[in-house]
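Asks: Just the structure for this:
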Amino acid sequence: MPNARIYQRPKNAMQSGRYRTDRWILEFAPAEAKRPDPLTGWAGSGDTREQVRLSFATAEAAQAYAEKAGLAFTVEPTPTRTLKLQSYADNFR
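Replies: Numbers count the residues shown, from 1 in each chain. Down below sits the predicted model:
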């Protein structure tokens, strides 16, 4: 039975907005370890499920899909956002 992880996409450090952070992602855990390719030296494995990333509108929809597909899953709660409130003048103190 494959393991899956359900989480909410975090905000990218390079963006100021919160575009697509409301989506929930279902990813599969790697089934085998990566190993270097003897010819190129790139890391890879024969596990193709690692390439699959499904997106859902709600956590409940992702859980329903995992249960219907017979996947063992863990739901990672969304971290709370902490706002650092400061004024522009605080940069010069």
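Asks: what comes up buried for stretch 36-54?
Replies: Glu50, Leu54 (16 or more other C-beta atoms under 10 Å). The way it works is simple: take the backbone N, C-alpha and C, and place the C-beta from them, glycine included.
Asks: and what of stretch 67-85?
Replies: So for stretch 67-85, counting by 16+ other C-beta under 10 Å, buried means Leu71, Phe73, Val75.
Asks: what does stretch 18-28 give?
Replies: Trp24, Ile25, Leu26, Glu27, Phe28.
Asks: Same list (those) but as a markdown table, adding secondary structure.
Replies: Compiled in a markdown table, the buried residues of stretch 18-28 are given as follows (DSSP: H, G, I helix; E, B strand; the rest coil):
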| residue | secondary structure |
| --- | --- |
| Trp24 | strand |
| Ile25 | strand |
| Leu26 | strand |
| Glu27 | strand |
| Phe28 | strand |
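Asks: which among these gets closest to Ala59?
Replies: Trp24 (5.0 Å; C-beta to C-beta).
Asks: Against Gly46, how distant is Ala31?
Replies: According to C-beta to C-beta, to the nearest Å, Ala31 and Gly46 sit 9 Å apart.
Asks: Sweet, I'm off.
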